Structures are given as structure tokens and as C-alpha cells.
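1. sequence and computational prediction follow.
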Amino acid sequence: MDNNTPESGGFKGGLGSLFGGGTPEYSNTELAGVPLTGMSPLSPYLNVDPRYLVQDTDEFILPTGANKTRGRFELAFFTIGGCCITGAAFGTLNGLRMGLMETRDMSWSKPRNVQILNMVTRQGASWANTLGSVALLYSVFGVAFEKARGAEDDINTVAAGTLTGMLFKSTGGLKGAARGGLVGLAMSGLYALYNNWGHLKGTSPSHY
């Protein structure tokens, strides 16, 4: 029995009229050519305006009062851990170089291997401790300036870097602290310039 007979169409039209009136049926081709005032033509597949499918905002929801970027306190853990790992890697390579140079007159034997291993361990731990301490001081000063000033900008970066250098080299007296402060000022200034390089060129800057 054929369901596409005129009687079946009339039956559906009758039910449509019974429940609020019949709805005219249009093909996708006819719908695609119907213009809307102030809107793009309808999609023949989605039957909606494609402009409503464009996401102009972020696709994640932030808690109330939260910033879109991480603050110095959140970045402190990454900074300290990254500096410790970097120092350990650099110290390991430096210890291996020094161990090979100091034992170059020795034949490959157990004493030479032990001496190289001791040098690698000593240098790796020393550099990891040094860079980790510097990162800790820098993070503490950065968080303190951010909380005290209520703002996050390059002033905090430069001030934290300068005080970190001064405190780290304070054991060498006033001259040592001054030299450490100059080094910290120069490095933090270059870092701030790097962060704002995109802004100076007309693009969005990166985080501090």
C-alpha cells in the first residue's frame, strides 16, 4: 500500500488543521533562497542563521572575581620548580664536564667513575639550590609587591628583580649588594621589555 497518496497528505493536513492549522512544507532549496531582513540567508542544512554559531567570547567560565590570567602566587610554583630543574640540568652537564677534565689523566676505572659521579652530583645540587633560591626570593617579592600595590605590572617585576639581586648578594657587603641589585635590575628590565615587545609592535603582550 502506497503511503504517498493524496489521501495520506490530506489526512496529515486534516490532523494539522485539527491541532492548530496545517503547516506548509517547503524544500531545502526554497528555504535557502529566502532572504531575512538584516540577517544572512538560512542554511539549507541547519535552518538557522550561521552567524549565531560564531563564538566571539571565551569558551570557558571563570569563577566570580577570578582573573583570566594567573597571578604571581600561582606562577610562583611553576617558576621555582622550573628554576630548580633547570639548575639541576645545567649543574649536571657542568659537573660532567669538570669531572672529565679533572680525570682526563686517569684510565677508565671505578675510581674515575666515582669521582665523575661525585662531581656531577655536587654541581647539580649546587646549581639547583642556587637557581631555586633566586626564584623563591623573586616570587616572594613579586607577590608582596602585587598585594601591597593592588596591581600587576612591570613595576612589580623590576622591583622584585632588583631586591632579589641585592638580597642574594648581600653577604658580599654593600658593594656586593649594589652589584647584585644592578644585575637584577638589568635582567628584570630585559624580561619586562620582552613581555611588552608584542605590545610595542602592536600585538597583545604576554603575561609577566
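-> Looks like it arrived, so ask away.
2. what residues of the strand or helix carrying residue 177 count as buried?
-> Element membership for residue 177 (DSSP states H and E) is helix 173-195. Going by neighbour count (16 or more other CB atoms under 10 Å), the buried part of helix 173-195 is 177, 180, 181, 183, 184, 185, 187, 188, 192. For the C-beta atoms, the positions are set from N, CA and C on the backbone; glycine is no exception.
3. right, and the fifth one touches residue 159 too?
-> No: using CB atoms under 8 Å, residue 184 is not in contact with residue 159; the gap is 9.6 Å.
4. which other helices and strands does the one helix or strand residue 78 maps to contact?
-> Here residue 78, judged by DSSP H and E, is contained in helix 72-102. The contact analysis (3 or more CB pairs under 8 Å, 6 or more residues apart in numbering; DSSP states H and E) places helix 72-102 against helix 110-149.
5. what's the next secondary structure element after the helix it packs on?
-> helix 154-168.
6. residues contacting that following helix, please?
-> Defining contact as CB atoms under 8 Å, 6 or more residues apart in numbering, one finds that helix 154-168 is touched by 72, 133-134, 137-139, 141-142, 145-146, 149, 177-178, 180-185, 187-189, 191-192, 195-196, 208.
7. what comes up buried for it?
-> 154, 156-168.
8. tell me the contacts of residue 118?
-> Residue 118 makes contacts with residue 99, as judged by CB under 8 Å, 6+ apart.
9. what does the pLDDT read for it?
-> Listed pLDDT for residue 118 reads 94.
10. kindly report the same for the one 4 residues further on.
-> At residue 122, the predicted lDDT confidence score is 94.
11. all further residue positions should be reported with the first residue as 59.
-> All right, first residue 59 from here; so that's residue 180.
12. dump the residue contacts of it.
-> Contacts for residue 180 (CB under 8 Å, 6+ apart) come out as residue 153.
13. flag the shaky bits of this structure, pLDDT-wise.
-> The model of the chain has pLDDT under 70 over residues 59-128, 257, 260-266.
14. mind running it again at 90?
-> Applying pLDDT under 90 to the chain flags the ranges 59-134, 160-170, 204-215, 229-231, 249-266.
15. the spatially closest residue to residue 142 that is not a sequence neighbour: how many residues sit nearby?
-> Sequence neighbours aside, residue 190 is the residue nearest to residue 142 in space, at 4.1 Å (criterion: CB to CB, 6 or more residues apart in numbering). Residue crowding around residue 190 was assessed by other CB atoms under 10 Å; the count is 20.
16. check residue 202 too.
-> The burial count for residue 202: 15, using other CB under 10 Å.
17. so how far is residue 144 from residue 151?
-> Per CB to CB, to the nearest Å, residue 151 is found 11 Å from residue 144.
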